[in-house]
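> Sequence plus predicted model, see below.
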Amino acid sequence: MLRNRLAEILAERKLRISRVANDIPDLSRNTITSVAQNDGKMIQLNTINLLCQYLEISPSEFFEYLPFDISFTAEPHGEISKFTNDDFGTSINTIDISNLEFEGFLKKVAVNESLGYNEKTYDLTIRQTSFAKSDDPFELHGYTLIFDVLLGASDNTEIFSKTKDKFNELWNSNLTDGFKSIIKEIITSEINNKLMNEFSDIQFLFESIKDKSIKIDTKFNFSFEDAYSEDIQAGNITVILNKQKNNSSIDISDDDLPF
């Protein structure tokens, strides 16, 4: 797993991307921004060369490396939503979101000459535990679903204890803050994409319902606590729809995420 440290280096030196782009004519601001965000799978050698020259660092200082890769997939678990129609059965009045939970699989994969191919999967549970109502008066149905990212998919205490020790070693000892941020972003993106799929049926229903809308944002707490702790229960939310002009869609967004 490989990432560049451009964002950290610029922050340490209090350099703005606009300043760097101005000082290096051959690199655009968009290119530098993309590199700093670790967005692309490939960076041109000339881009690395110019940035290392400008920052007066070596490629080993520019990049950060782990001898394994991390991937993440998730699947919905349990019932997501119910609809309540009006008295005539022609319109949706409420949407109940309850037991919203995803089974997650964080996979660590390594391949090398001496040991060959090796993989380890850590089971995660991504559970919606609470929600917040938007304070924006123009968002009549603006909600933020708050998820806890938890460790484990078994209520067996012994299995969880072994898994927890290995996961804590990975998370606390093997990963730098930069790699942790990337993994959090991978998890966040996967869950938001799954939410879009889960709510696609609701979106279809809303296309024929004028003057009604709902916007759902998401926020994630990466506590990695025991998924089957009695202290961490699934939340529920009931959205009562009111009329709102010129809007009839559902929007799931991660604009407010800190990652």
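Ah, there it is.
> element containing the residue nearest the centre of the chain?
Centre of the chain computed as the mean C-alpha position; nearest residue by Cα atoms, centre = their mean is residue 188, 0.9 Å away. For residue 188, the element it lies in under DSSP states H and E is helix 177-198.
> Enumerate the positions of that helix that are buried.
By neighbour count on 16 or more other Cβ atoms under 10 Å, the buried set for helix 177-198 is 179, 181-184, 186-188, 190-192, 194-195, 198. Heads up, the C-betas are built off the backbone N, CA and C, glycines and all.
> Out of those, which comes closest to residue 73?
The nearest member of these to residue 73, counting by Cβ to Cβ, is residue 190 at 6.6 Å.
> Can you get me a residue count around the residue nearest to residue 225 when sequence neighbours are not counted?
Distance criterion Cβ to Cβ, 6 or more residues apart in numbering; nearest residue to residue 225, sequence neighbours excluded, is residue 150 at 5.5 Å. For residue 150, the neighbour count with other Cβ atoms under 10 Å is 24.
> Next: residue 128.
Neighbour number of residue 128 under other Cβ under 10 Å is 23.
> Against residue 224, how distant is residue 132?
22 Å (Cβ to Cβ, to the nearest Å).
> ignore the last one, residue 38
For residue 38 relative to residue 224 (Cβ to Cβ), the value is 23 Å.
> So, low pLDDT: which residues of the stretch 1-150 of the chain?
78-95, 134-141 (pLDDT under 70).
> Now do the strands in the protein.
2-4, 63-65, 69-77, 81-85, 92-98, 101-112, 116-133, 142-151, 214-221, 236-240, 250-253 (DSSP state E).
> mind putting those in CSV, distance to residue 168 included?
Below are the strands of the chain laid out as CSV (distance: least, Cβ to Cβ, whole Å):
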stretch, distance to residue 168
strand 2-4, 22
strand 63-65, 21
strand 69-77, 15
strand 81-85, 35
strand 92-98, 31
strand 101-112, 13
strand 116-133, 10
strand 142-151, 9
strand 214-221, 17
strand 236-240, 31
strand 250-253, 31
